[in-house]
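**Q** sharing a sequence plus its predicted fold:
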Amino acid sequence: SRPQVRGAEPASAAPAAARDTRAPSHFDYERFRQSLRHPARGRRPPEDPETRARRMKVKEMMKFAWDNYKQYALGKNELRPLTKNGHIGNMFGGLRGATVVDALDTLYIMELEEEFQEAKKWVEKSFDLNVNGEASLFEVNIRYIGGLLAAYYLTGEEVFKSKALELGEKLLPAFNTPTGIPRGVINLGRQDTPSLFSPCSGMSWSWGWASAGSSILAEFGTLHLEFLHLSELSGNPVMNIRKVLNKVEKPQGLYPNFLSPVTGNWVQHHVSIGGLGDSFYEYLIKSWLMSDKKDSEAKTMYDDALEAIEKHLVKKSAGGLTYIAEWRGGILDHKMGHLACFSGGMIALGAEHAGEEKKQHYMDLAAGITHTCHESYARSDTKLGPEAFRFDTGSEAMATRLSERYYILRPEVVESYMYMWRLTHDPKYRQWGWEAVKALEKHCRVEAGFSGIRDVYSATPTHDNMQQSFFLAETLKYLYLLFCEDDVLSLDDWVFNTEAHPLPINHTNFKAKAGMQ
Ligand code: DMJ
């Protein structure tokens with residue numbers, strides 16, 4: 001059957017999974033489970049007592065973060081640990097419980113059974129999808145759809161699958177654009193009954209701050225992994241947005257961050273492997289891996305993009321630090337965001353599958369970037385890294401602007417440590433991860449949870465009163481995995497979505513419908 005995307009040519013169509021959530025699903029969970037090469041939680045704990053103790057410490061941090069969220073903010077999106085209440089925000093369009101859904105798979109993997117049951121019960125009894133508000137398509141997809149899918153694949157519990165499919169359905173109107181490239185914001189109200197009270201149901205918009213009504217590369221480029229699984233589980237086909245990107249001319253082979261969903265042309269020539277661009281590149285290599293290395297279009301796009309990035313953006317500082325600059329219409333901005341630090345892990349993951357002559361080269365590049373990101377932590381008073389750091393005006397790997405000195409419990413640096421550890425087994429990555437654990441404990445742990453800090457260069461930083469849901473989904477999960485054996489959420493079986501939710505690699509040869517139409 002044809003994908004049901006209004007107004008889009010087949011060649012430019014977008015994910016159209018889960019159109020009919022009542023479609024019979026032929027997904028055989030038991031068969032899937034048997035296809036895993038390793039049990040998801042691994043076979044045995046690490047032998048060495050120091051590693052085991054570190055792993056248990058991270059588990060304790062997760063329990064502390066969850067218990068405080070549960071006590072003061074259950075059902076809200078995030079915990080405010082200083083004021084001991086909940087935060088709702090406006091990113092999720094009326095959806096609640098972002099921390100619950102983001103935490104599910106981490107609780108499960110850490111064998112926090114009671115806490116996992118508490119989270120599951122909340123999803124069963126209180127997670128209401130019948131909401132009406134403006135949501136970020138990207139955030140709902142990576143946190144809620146990703147979190148629910150991972151929980152389903154790990155446990156086989158139907159409730160997670162049916163919630164993921166129902167929510168996936170609500171996101172589809174965002175793809176109704178002339179190109180099939182979705183807009184950034186969607187109204188989650190019931191689409192069949194627009195009323196006086198929800199006149200905008202199912203409508204979508206571009207972000208007010210995105211120039212000329214454009215869509216953001218990292219947003220529309222970060223849907224494919226999740227929608228492919230929605231497609232698999234619902235039995236409905238999915239197409240992809242890559243053809244638009246393949247067709248449009250790329251300046252120097254680079255992908256700018258803003259694209260018009262109406263014309264399919266770039267709107268502004270700003271290129272970044274950090275915010276606005278980041279997970280687009282991540283999802284190319286992971287799409288290929290998730291397809292059991294069959295989706296060669298994704299691999300070629302990834303290889304070409306990385307080559308262009310290396311040629312135009314990768315630089316070495318006077319002090320010998322490798323970094324990835326940003327590009328504004330041909331002019332380099334010698335700045336790296338904390339977000340860009342995920343790229344050490346991504347490049348290492350891709351290096352494994354590069355040709356023999358390139359493999360070591362990319363591993364060295366990945367190690368160089370991860371080293372620089374570690375330096376951004378090591379050069380601060382708190383041993384936590386700033387939101388952005390620069391390589392100009394004599395400064396290296398440090399924030400030079402007051403507005404860039406904060407740390408909001410982000411995962412990207414420890415994410416790269418985790419991949420580098422798994423792929424090299426160089427003990428320094430575990431050591432660096434442990435430094436981060438100690439810094440989090442010292443500066444971010446407060447009486448009722450964990451909080452971001454406003455200035456990493458202050459020995460006694462003030463707190464921002466926010467325990468981000470990605471701290472439980474990502475930061476603590478990656479730290480835990482760093483101190484586990486490699487068979488826990490093995491890279492042979494799983495790819496992590498950009499919120500660290502594990503999605504299975506297609507060993508069972510499920511039909512891999514995406515992009516094959
Ligand atoms: C997370 O929601 C995801 O990692 C996303 O890709 C980027 N931002 C945050 C964490 O920093």
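**A** Nice, thanks for sending it over.
**Q** please make it C-alpha for all contacts and neighbour counts, starting now.
**A** Noted.
**Q** and residue 216, what are its phi and psi?
**A** In terms of degrees, to the nearest 10, the main-chain angles of residue 216 are phi -100, psi 130.
**Q** and the gap between the nearest residue to it once chain neighbours are set aside and residue 363?
**A** Closest residue to residue 216 apart from its sequence neighbours, by CA to CA, 6 or more residues apart in numbering: residue 258 at 5.0 Å. Distance, residue 258 to residue 363, by CA to CA, to the nearest Å: 30 Å.
**Q** buried residues in the biggest helix by length in the chain?
**A** The single longest helix within the chain, with elements called by DSSP state H, is helix 49-73. Within helix 49-73, the residues that count as buried by 16 or more other CA atoms under 10 Å are 51, 54-55, 57-59, 61-70, 72-73.
**Q** just the helices in the stretch 101-250 of the chain please.
**A** Under the criterion DSSP state H, counting those that start in this stretch, helices of the stretch 101-250 of the chain are mapped to 113-126, 137-139, 146-155, 158-171, 217-220, 224-234, 242-247.
**Q** can you give me the buried ones in the helix or strand harbouring residue 423?
**A** Element membership for residue 423 (DSSP states H and E) is helix 412-424. Residues of helix 412-424 classed as buried: 412, 413, 414, 415, 416, 417, 418, 419, 420, 421, 422, 423 (neighbour count, 16+ other CA under 10 Å).
**Q** nearest to residue 176 among these?
**A** Proximity of these to residue 176 was ranked by CA to CA; the top entry is residue 412 with 32.4 Å.
**Q** tell me the pLDDT of residue 7.
**A** On the pLDDT scale, residue 7 is placed at 26.
**Q** related to what we said a few turns ago, state the mean pLDDT of the helix holding residue 423.
**A** The average of the pLDDT scores along helix 412-424 is 98.
**Q** next, count neighbours for residue 243.
**A** The tally of other residues near residue 243 (other CA atoms under 10 Å) stands at 17.
**Q** what's stretch 425-433 in contact with?
**A** Identification of contacts with stretch 425-433 by CA atoms under 8 Å, 6 or more residues apart in numbering yields 374, 414, 417, 418, 420, 421, 479, 482, 483.
**Q** closest one of those residues to the ligand?
**A** When the contacts of stretch 425-433 are compared for distance to the ligand (CA to the nearest ligand atom), residue 414 wins out at 11.1 Å.
**Q** related to what we said a few turns ago, next, format the helices of the stretch 101-250 of the chain as CSV and append distance to residue 379 and mean pLDDT.
**A** CSV is the format used below for the helices of the stretch 101-250 of the chain (distance: least, CA to CA, whole Å; pLDDT from 0 to 100):
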stretch, distance to residue 379, mean pLDDT
helix 113-126, 37, 98
helix 137-139, 31, 98
helix 146-155, 34, 98
helix 158-171, 42, 96
helix 217-220, 29, 96
helix 224-234, 36, 94
helix 242-247, 39, 86
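**Q** how about these in a markdown table, adding distance to residue 368?
**A** What follows is the helices of the stretch 101-250 of the chain, written out as a markdown table (distance: least, CA to CA, whole Å):
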| stretch | distance to residue 368 |
| --- | --- |
| helix 113-126 | 38 |
| helix 137-139 | 30 |
| helix 146-155 | 30 |
| helix 158-171 | 38 |
| helix 217-220 | 24 |
| helix 224-234 | 28 |
| helix 242-247 | 29 |
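**Q** out of those, nearest to the ligand?
**A** Distance to the ligand, taken as CA to the nearest ligand atom, is lowest for helix 137-139 among these, at 6.9 Å.
**Q** quick one: that closest one to chain centroid distance?
**A** In terms of CA atoms, centre = their mean, to the nearest Å, the centre of helix 137-139 is found 10 Å from the chain centre.
**Q** can you give the contact residues for it?
**A** Contacts of helix 137-139 (CA under 8 Å, 6+ apart): 91, 92, 171, 174, 183, 184, 185, 186, 219, 220, 222, 223.
**Q** what's around the fifth one, how many residues?
**A** I take that to be residue 183. Neighbour count for residue 183, taken as other CA under 10 Å: 28.
**Q** would it be right to say that residue 95 lies in a helix?
**A** No: under DSSP: H, G, I helix; E, B strand; the rest coil, residue 95 sits outside any helix and is assigned coil.
**Q** and the closest residue to residue 141 other than its chain neighbours, what are its phi and psi?
**A** Sequence neighbours aside, residue 223 is the residue nearest to residue 141 in space, at 6.8 Å (criterion: CA to CA, 6+ apart). When read as degrees, to the nearest 10, the backbone of residue 223 gives phi -130, psi -20.
**Q** cool, residue 271 as well?
**A** Backbone torsions of residue 271, given as degrees, to the nearest 10, read phi -120, psi 130.
**Q** I'd say residue 315 and residue 322 touch.
**A** Yes: taking contacts as CA atoms under 8 Å, residue 315 lies within contact range of residue 322: 5.8 Å.
**Q** pick the one among the buried residues of helix 412-424 closest to residue 398.
**A** Residue 398 lies nearest to residue 413 out of the buried residues of helix 412-424, by CA to CA, at 14.6 Å.
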